[in-house]
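>>> model this:
(2 chains)
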Amino acid sequence: MELKLQKTHVLQELSVLQGVVERRGTIPILSNILAEASDGRLRMIATDLDMTIVTSCPAEVEGEGRLTLESRVFTELVRNLPEEEFVVRRDGDSVEIISGRFHSTMSVADPSGYPTVPEPPTDGNYSLSLDLFQLLLQRVAFAITRDDPKFQLNGALVKIVPGEIEIAATDGHRLAMVRAKASTDVVPFEQQLFPRKLLAEFSRFDDEAVIFSATENHLGFQIGERHIISRVVELRFPQYERVIVRDNPSRIRIQRAELLGSLRRVSLMAHEKARGVRFRLDGSGELTLVSIGHERGSAEETLPVLYQGESLEIALNAQYMIEVLSILGCELVELQLRDSATQCVVVPVDDDERLEEYIYVLMPMRV
Amino acid sequence: MTVPWWDDDTGVLDRDRFGEQVEDILQRARRAQLEGHLPHGLLLVGLEGMGRELAAVELAAMLTCPENAGPWCGCNSCRRVRRGIHPDVERVAYDPDLKGTKDVIKADQVRDTIVSKVGARPYEGMARVWILDRVERQWFPPSPANVFLKTLEEPPPAVHFILLAANPGSVLPTIRSRCQTLRLPGAVALAAREGDELPELIASGEGAREFARRVRAALTEAAGGDPLALVVVSRSLPGEPWVYQAAAAAALELATSGTGADGGEGFSRLAARLVEAESRARVLNIRPERLILSCLMQWYEEAVEGAA
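Here you go, the predicted model:
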C-alpha cells in the first residue's frame, strides 16, 4: 500500500479529527487515526466512542489497504514536512513517510484492534442550513447543565417534524427553547438528545448544509464531504413543555444592553454563589434591581420602563439572566412576569427573522 | 479511571485450562439468549482465577457478537472482547489509582463508568456489557452498590451486567436478588481436573482426601480458638503438588456449609488464597508448608479479629 498525498489537504482533515481522538481511554488504539485508502481517496477516521468523525482527502493510491497512525505524532510530522507532497508506504508493522529528502519509519498498531466504525448512513436527505442550525444551537447551548451527574440533561433535545425543528436545553433551573421552519422532507428521527460535545462540533464548520440521518444506534450528520456520527443516547429528557408559560400578564419591554449592564453592576454585590437580584416593579413605571445578600455590600439601580399595572417583586439568578441577554442580538427584550413564585419568561423583540419562536424561562429564587 | 483487564500472563482466560469447566454455563446462557430470556443481571459464582473470569469474558463476547455465533466465536469482535479492547464491554473492579484507603469499588467509580454511560446505545455490538469483578460486600459495600441498584434493576435495553463473586452469601442481598446466579463447578471437581495425581488419589481415597479431611478437622478445631492444630497440620504435609488444591477443597467445603460466624466468608477467602498460593509456589519455588501455614494463620487472625 502506497499513497501520494498533499500536506495541506491532509493537515486540514487532521485538524477536523483532533476533537475526537481519545487520549486517556481504556482502549489505547483510539489515540490513533484509522486511515483507509481506496479509489483515489484517503479516508481518515477518529473516534472517542461517543462521537466518530469520518473525513477524506484526495490521494494517489497504489494498493488499497488500511492502517492506524498515532494521531499526535502523525499530525506533528505532517505539519513539519519539508515539501508539500509526501508519500506514505506501509511495510509490515511499520509505515514509511517520505517527503523530499526527509525519510521516517513509524511503527503502527494492528488495525484489527480498532473498533468497527459505524458506517455513515448515505441515504439521508433531511437537510438543514448549517448557518441556521448553528444559530439555533447558539440560542440554547448555554443553558445545558454543567457537571451534572444526571447525564440526560447534558445535552439539548432536538425535535423535528416535517417543516419544523425545535431545540430545548435546561439545567433544571432555567430553560431555553428555540423553534424554526425547516425541511419538509421525511424526518430521520422525531426527537433525540444531542450531547454537549456534539453541539460544539457543529460550530467548527462553515459549509452550506448539514444532512441528518439516523440508525438504531447512531445519528449521522453529513457536512460537505465529512461525516459526524454520534451515539444515540437513551432519552430521559424532562417534560419541559410544562414549564413554558405564555400567559404571564405583567410585561415590560426594556433595552437589552441597558438591562445587561445594570445587572452586571448590581449582581457584583450579590451573594457570590447564588447571585440573586431582586426585580421590583411599581406602578409608576420603574424597574428597580436590588442585590440580595450583604456580606459584600449592596447595590441598587433604577431603570425607567413602560409599565402600567400592579406592583410586583421577584428574585432571579442574575447570572442566568446575564447569559441570555449576552447571546441575544436584538435591541429590545420583553420580560413576562406574574408574581414572585411564577417563572419569569424572557423573549426577544424583533428577533432574527429565521426563527419562529425563542423563549427563555427562569425559575424564581426563593429568598 | 482505567482498570486493566486480566493480564494475559496470569492465564485466567486460558481456554485450555478452564474451557471445559465454563462450558456448561455458556451453553445454558446461550440457550436463554436464543430464547430471548437471558436476564440482564448475572451473578457468576466461582473462585477467583479459576474460570469465572473466562466465563464472564466469553459471555460478554457472545452477547456483543455481531454474528450472533455463540460461545468461542473467532470473529474480530469476539477477539477484541478477549483482549479487553472492545468498546461495548467494560470491566469495573477495585482501582488502586483512585483515592481512598479501602480497597473497594468506589461510588464515584460506579457513577462514572456505569450510571452516567449506561444510556448510550452500543457503539458497534449487539449489546453493552459491564463485568463487575468481586462484588462481595467487602469489595462492593453499600455505598457504591446503592448507586448501582436502580441501573441494575431497570437497565436500558441491550445492557447486561455480569457480576463475579466467590461467595454469594456475602454479596449484598439487594444486589443478589436482582441477578440470576450461575455457579461454576466447585473446587473439588476442579482439583480433580487440575493436578495429575489427584484424580487417582481422590478416587482411591488415599492421600489427598485424607489430607483434606485433616485440614478440615484442624480448621474446625482452630475455629474453636486453638491455632496449634493449624501449625501441626501444615508441618505434616505430604510432599505432593496437590496439597494446595486439597486444602482449598477443605476450606471451600466449610465455606459452602456456612461454617463460621461470618457465614463461611472467611473460609471462602482462605480457599481463594490457597489457590493463589499454588500459582505463587510454582513461580517462586517456596516450600508448601510455609505458604500453607501463612494462609491458615491469616485466616485465623481474621477470624479472631472478626469475633472480637
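
>>> neighbours around residue A:58, how many?
13 (other C-beta atoms under 10 Å in any protein chain shown). In short, each C-beta sits where N, CA and C put it, glycine included.

>>> what do you get for residue B:150?
Residue B:150 has 10 nearby residues by other C-beta under 10 Å.

>>> Spell out the secondary structure type for it.
The three-state assignment at residue B:150 reads helix, by DSSP: H, G, I helix; E, B strand; the rest coil.

>>> tell me the SS of the residue of the stretch 201-308 of chain B found nearest chain A?
At 25.5 Å from chain A, residue B:276 is the closest residue in the stretch 201-308 of chain B, using C-beta to the nearest C-beta. Following three-state DSSP, the label given to residue B:276 is helix.

>>> Spell out which parts of chain A neighbour chain B.
A:24-29, A:49-50, A:112-113, A:115-118, A:149, A:151-152, A:216-218, A:231-234, A:236 (C-beta under 8 Å from any C-beta of the partner chain).

>>> quick one, helices of the stretch 201-350 of chain A?
Taking DSSP state H, counting those that start in this stretch as the test, the helices found in the stretch 201-350 of chain A are A:256-267, A:318-327.

>>> Mind putting those into TSV with mean pLDDT and mean neighbour count?
Putting the helices of the stretch 201-350 of chain A into TSV (pLDDT from 0 to 100; neighbours: other C-beta atoms under 10 Å in any protein chain shown) gives the following:
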stretch	mean pLDDT	mean neighbour count
helix A:256-267	96	18
helix A:318-327	96	19
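
>>> Reformat the ones you listed as a markdown table; add distance to residue B:57.
Output for the helices of the stretch 201-350 of chain A, formatted as a markdown table (distance: least, C-beta to C-beta, whole Å):
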| stretch | distance to residue B:57 |
| --- | --- |
| helix A:256-267 | 56 |
| helix A:318-327 | 48 |
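
>>> Could you pull up the contacting residues of residue A:158?
A:165, A:166, A:167, A:191, A:192, A:193, A:194 (C-beta atoms under 8 Å, 6 or more residues apart in numbering or on different chains).

>>> Could you do residue B:219 as well?
B:229, B:230, B:250, B:251, B:254, B:267, B:296, B:299.

>>> For the residues you listed, work out which two are farthest apart.
Within these, B:229 and B:267 form the most distant pair, 15.1 Å apart (C-beta to C-beta).

>>> Which of the two has more residues huddled nearby?
residue B:267 (28 against 20).

>>> quick one on the thing from earlier: in helices, which of the contacts of residue B:219 fall?
B:229, B:230, B:250, B:251, B:254, B:267, B:296, B:299 (DSSP state H).

>>> Give the buried subset of those residues as a ChimeraX selection command.
Restricted to buried positions by 16 or more other C-beta atoms under 10 Å in any protein chain shown, the ChimeraX selection for these reads:
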select /B:229,230,250,251,254,267,296,299
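
>>> got the ones in helices among the contacts of residue B:219 as JSON lines, with pLDDT columns?
Output for those, formatted as JSON lines (pLDDT from 0 to 100):
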{"residue": "B:229", "pLDDT": "80"}
{"residue": "B:230", "pLDDT": "84"}
{"residue": "B:250", "pLDDT": "85"}
{"residue": "B:251", "pLDDT": "86"}
{"residue": "B:254", "pLDDT": "83"}
{"residue": "B:267", "pLDDT": "87"}
{"residue": "B:296", "pLDDT": "88"}
{"residue": "B:299", "pLDDT": "88"}
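
>>> Write out the residues of chain B neighbouring chain A.
Close to chain A, as judged by C-beta under 8 Å from any C-beta, chain B has residues B:1-3, B:66, B:76-77, B:79-80, B:83-87, B:90, B:111, B:115-124, B:156.

>>> cutoff 6 Å now
B:2, B:76, B:85, B:87, B:111, B:116, B:119-124, B:156 (C-beta under 6 Å from any C-beta of the partner chain).

>>> Restrict the residues you listed to the buried ones and give me that as a PyMOL selection.
Of these, the buried ones go into a single PyMOL selection, burial set by 16+ other C-beta under 10 Å:
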select buried, chain B and resi 85+87+111+116+119+120+121+122+123+124+156
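
>>> Farthest-apart pair in the residues of chain B next to chain A, please.
B:76 and B:111 (31.7 Å).

>>> Just checking the distance from stretch B:290-308 to the centre of its chain.
Averaging C-alpha positions (C-alpha atoms, centre = their mean, to the nearest Å) puts stretch B:290-308 20 Å from its chain's average.

>>> actually stretch B:178-188, not the one I typed
9 Å.

>>> export that stretch as PDB, just CAs?
Only the C-alpha atoms of stretch B:178-188 are listed here, as PDB (Å, rounded to 0.1, in the frame of the first residue of the first chain):
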ATOM      1  CA  ARG B 178     -31.500  -8.500  41.100                       C
ATOM      2  CA  CYS B 179     -29.400 -11.100  39.400                       C
ATOM      3  CA  GLN B 180     -29.600 -14.700  38.300                       C
ATOM      4  CA  THR B 181     -26.900 -16.800  39.900                       C
ATOM      5  CA  LEU B 182     -24.800 -19.100  37.700                       C
ATOM      6  CA  ARG B 183     -22.400 -21.400  39.600                       C
ATOM      7  CA  LEU B 184     -19.100 -22.700  38.200                       C
ATOM      8  CA  PRO B 185     -18.200 -26.300  39.300                       C
ATOM      9  CA  GLY B 186     -16.700 -26.300  42.800                       C
ATOM     10  CA  ALA B 187     -13.000 -26.600  43.700                       C
ATOM     11  CA  VAL B 188     -13.100 -30.300  44.300                       C
END
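
>>> Can you name the residues in contact with that stretch?
Residues from elsewhere that reach stretch B:178-188, judged by C-beta atoms under 6 Å, 6 or more residues apart in numbering or on different chains: B:21, B:25, B:39, B:41-47, B:51-52, B:152-153, B:163, B:248-249, B:252.

>>> could you say which helix or strand contains the residue nearest to residue B:15 when sequence neighbours are not counted?
Once flanking residues are discounted, residue B:15 sits nearest to residue B:54: 6.8 Å by C-beta to C-beta, 6 or more residues apart in numbering or on different chains. Secondary structure from DSSP states H and E places residue B:54 in helix B:52-64.

>>> could I get that helix in PDB with only the CA atoms?
Taking Å, rounded to 0.1, in the frame of the first residue of the first chain, the C-alpha atoms of helix B:52-64 are listed here in PDB:
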ATOM      1  CA  ARG B  52     -15.100 -17.300  36.400                       C
ATOM      2  CA  GLU B  53     -13.200 -14.600  34.500                       C
ATOM      3  CA  LEU B  54     -13.100 -16.700  31.400                       C
ATOM      4  CA  ALA B  55     -16.800 -17.400  31.700                       C
ATOM      5  CA  ALA B  56     -17.500 -13.700  32.100                       C
ATOM      6  CA  VAL B  57     -15.400 -12.700  29.100                       C
ATOM      7  CA  GLU B  58     -16.900 -15.400  26.900                       C
ATOM      8  CA  LEU B  59     -20.400 -14.400  27.900                       C
ATOM      9  CA  ALA B  60     -19.600 -10.700  27.100                       C
ATOM     10  CA  ALA B  61     -18.300 -11.800  23.700                       C
ATOM     11  CA  MET B  62     -21.400 -13.900  23.000                       C
ATOM     12  CA  LEU B  63     -23.700 -11.100  23.900                       C
ATOM     13  CA  THR B  64     -22.000  -8.400  21.800                       C
END
